[in-house]
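Trainee: sharing a model prediction with you, sequence too.
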Amino acid sequence: MGYYEGHLVLKSFKPLSLEKGMWFLNKFGHNTRKEEVELYQLDKVPLDQETYIAKNGYPLELYIVDPMSQFEDDRCILASPNEIGWWDDGEDTDELFTVTAKQLNSIFNDYGGLVDIEVAENTEDSLMLLSEEVITPLLYQQLVCIRYCQEEDYIEENQTDNNEDD
C-alpha cells in the first residue's frame, strides 16, 4: 500500500431534477490574486429548481484523475464520484473518516486540487506482465481513501507563496 498523487476535478452535469446532497460551487475573489472556491452540498431541494440552477449553475460531480495521463484515456480516472468517501488524517491514526466539504475545499484552495489517493503497490511480477505501470486505487467498502497532498515540492512552494503574501 502507498499513496499516489491525483488531481481532484469537478464536472458539471444536467440532472433531471435536483436532489439533496448534490454538490455546487461558489467562487470568491474572482479575478483577484487569491481566488477561492467553496463546494457545498444541497441540504434541501429548492422549490424553484430552474431559478436555483440559473443562479448557481448545474450540480457537480467529483473525480480524481491521474495528472500524468491524457484525459482522453480511460485509465486517467482514479476514482469516480460514487467512490470518493474516506479521509485519512495521517500516520497519527489508523481510523478513516468520511470526507467533508471542508477537506475538499482545502484541497482546492490550499493544494490546487492535488490530493493523495491510496493505491495498491505494483509488484515486480505484475510489472513484468504489463507494458507500463498501472495505478490501482484501494477500495474499502467500495470507497477510496484520500488525504492532503504530501508532495514536498508542492508543500514548500505553497508555503513560500503564503509567506510572500504576509
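Mentor: Received the coordinates, thanks.
Trainee: any idea how far the nearest residue in space to residue 99 that is not next to it in sequence is from residue 34?
Mentor: In this structure, residue 99 finds its nearest non-sequential neighbour in residue 87, 4.7 Å apart by CB to CB, 6 or more residues apart in numbering. No exception for glycine: its C-beta is placed from N, CA and C like everyone else's. Here residue 87 is placed at a distance of 25 Å from residue 34 (CB to CB, to the nearest Å).
Trainee: which one of the two has more residues nearby?
Mentor: Higher neighbour count among residue 87 and residue 34: residue 87, with 17 against 8, using other CB atoms under 10 Å.
Trainee: for the more buried one, helix, strand, or coil?
Mentor: What DSSP: H, G, I helix; E, B strand; the rest coil gives for residue 87 is strand.
Trainee: mind pulling up the pLDDT for it?
Mentor: With respect to pLDDT, residue 87 scores 95.
Trainee: that one touches residue 146, doesn't it?
Mentor: Yes - using CB atoms under 8 Å, residue 87 makes contact with residue 146 at a distance of 6.4 Å.
Trainee: common neighbours of those two, please.
Mentor: The contact sets of residue 87 and residue 146 overlap at residue 99 (CB atoms under 8 Å, 6 or more residues apart in numbering).
Trainee: how about the contacts made by the residue nearest to residue 99?
Mentor: 96-100, 103, 145-147.
Trainee: pretty sure residue 7 sits against residue 68.
Mentor: No - using CB under 8 Å, residue 7 is not in contact with residue 68, being 9.6 Å away.
Trainee: can you pull out the strands in the chain?
Mentor: Applying DSSP state E to the chain gives strands spanning 2-12, 23-28, 36-41, 60-65, 77-79, 84-88, 96-98, 114-120, 136-137, 144-148.
Trainee: name the helices or strands packed onto the fifth one?
Mentor: The reference is to strand 77-79. When contacts are defined as 3 or more CB pairs under 8 Å, 6 or more residues apart in numbering; DSSP states H and E, strand 77-79 sits against strand 2-12, strand 60-65, strand 114-120, strand 144-148.
Trainee: next: the first one.
Mentor: Applying 3+ CB pairs under 8 Å, 6+ apart, we find strand 2-12 packed against strand 60-65, strand 77-79, helix 101-111, strand 114-120.
Trainee: TSV for these, including mean neighbour count and distance to residue 41?
Mentor: Putting the helices and strands packed on strand 2-12 into TSV (neighbours: other CB atoms under 10 Å; distance: least, CB to CB, whole Å) gives the following:
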stretch	mean neighbour count	distance to residue 41
strand 60-65	19	10
strand 77-79	22	18
helix 101-111	17	6
strand 114-120	21	18
